[in-house]
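Student: just need the structure, nothing else, for what follows:
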Amino acid sequence: MKDFILITGGARSGKSTLAEKLAKELGKKVVYIATAIPFDEGMIDRIEKHRNSRPKEWVTIEKYKSFNELVYNKDFIEADTVLLDCMTLMVTNLLLESGLDFDRCSMSDVEKVEKGIIDEVEKLLSIIEKYNKRLIVVTNEVGMGVVPTFRLGNIFRDIAGRTNQYLARCAQDVYLTVLGIPIKIK
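Tutor: Residues are numbered from 1 along each chain as shown. Alright, predicted model coming up:
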């Protein structure tokens, strides 16, 4: 892997703006992996705004799992930089896709889902490493907010937090964005 940059921060903190700026500066050919699913009007609007903010020459791949399939994508193979936005949505999608009844499931079931999520992250990192790409990942900092009052919220926060810690250990550079200001923390 050329290098791995992780960008975290709260909602609307400037994470995606920083990621796109770095990708423009560092990448010659950028592939943007969008993990959002357009499930309602608000998300459709958000996706459209993100799409319009990106350079037209960037190729967008909508994907939040099965990253081993990227080897069949010509644009991925030719790219030098991959920007994934956002890991938190990827975790959300995989968590909800599990079909668990989070009010009644066992912690063993939750651990299996978390292992599946980490497996997907490892597949992504492996394919990036194998094809020697630069990777920029955007993720939300989930540990600075209010403690959720419902079980699914706590499960999500814990899995997303541990996923972020794993990514931060793997990354060469980590940025925290606050009020649109990037702070390099690793």
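
Student: just name the shakiest helix or strand of the protein by mean pLDDT.
Tutor: helix 41-53 (a mean of 81; mean pLDDT, DSSP states H and E).

Student: helices and strands around that helix, which ones?
Tutor: Helix 41-53 is packed against helix 15-26, with contacts defined by 3 or more CB pairs under 8 Å, 6 or more residues apart in numbering; DSSP states H and E. (C-beta placed from N, C-alpha, C; glycine too.)

Student: to the chain's geometric centre, what's the distance from the helix it packs on?
Tutor: Relative to its chain's centre, helix 15-26 lies at 14 Å (CA atoms, centre = their mean, to the nearest Å).

Student: now swap in stretch 94-113 and tell me
Tutor: On CA atoms, centre = their mean, the centre of stretch 94-113 falls 20 Å from that of its chain.

Student: check stretch 111-128 too.
Tutor: Computed by CA atoms, centre = their mean, the chain-centroid distance of stretch 111-128 equals 12 Å.

Student: which other residues reach that stretch?
Tutor: 1, 4, 64-68, 70-71, 82, 84, 87, 90-91, 94-95, 98, 100, 135, 159, 162-163, 166-167, 170 (CB atoms under 8 Å, 6 or more residues apart in numbering).

Student: and the residue positioned nearest the centre of the chain, what does it touch?
Tutor: Nearest to the mean C-alpha position of the chain, by CA atoms, centre = their mean, lies residue 87 at 1.9 Å. Residues in contact with residue 87, defined by CB under 8 Å, 6+ apart, are 35, 121, 137-140, 160, 163-164, 167.

Student: what's the answer for residue 81, then?
Tutor: Residue 81 is in contact with 23, 26-31, 133-136, counting by CB under 8 Å, 6+ apart.

Student: would you list these in CSV and tack on pLDDT?
Tutor: Shown next, in CSV, are those (pLDDT from 0 to 100):
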residue, pLDDT
23, 97
26, 94
27, 91
28, 93
29, 97
30, 97
31, 97
133, 97
134, 97
135, 98
136, 98
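
Student: re the thing from before, got the buried residues for the least confident helix or strand of the chain?
Tutor: Judged by neighbour count using 16 or more other CB atoms under 10 Å, the buried positions of helix 41-53 are 47, 50.

Student: what of stretch 65-85?
Tutor: Counting neighbours by 16+ other CB under 10 Å, one finds that the buried residues in stretch 65-85 are 65, 67, 70, 76, 79, 81-85.

Student: just the ones of those residues in strands?
Tutor: Using DSSP state E, the subset of the buried residues of stretch 65-85 located in strands is 81-85.
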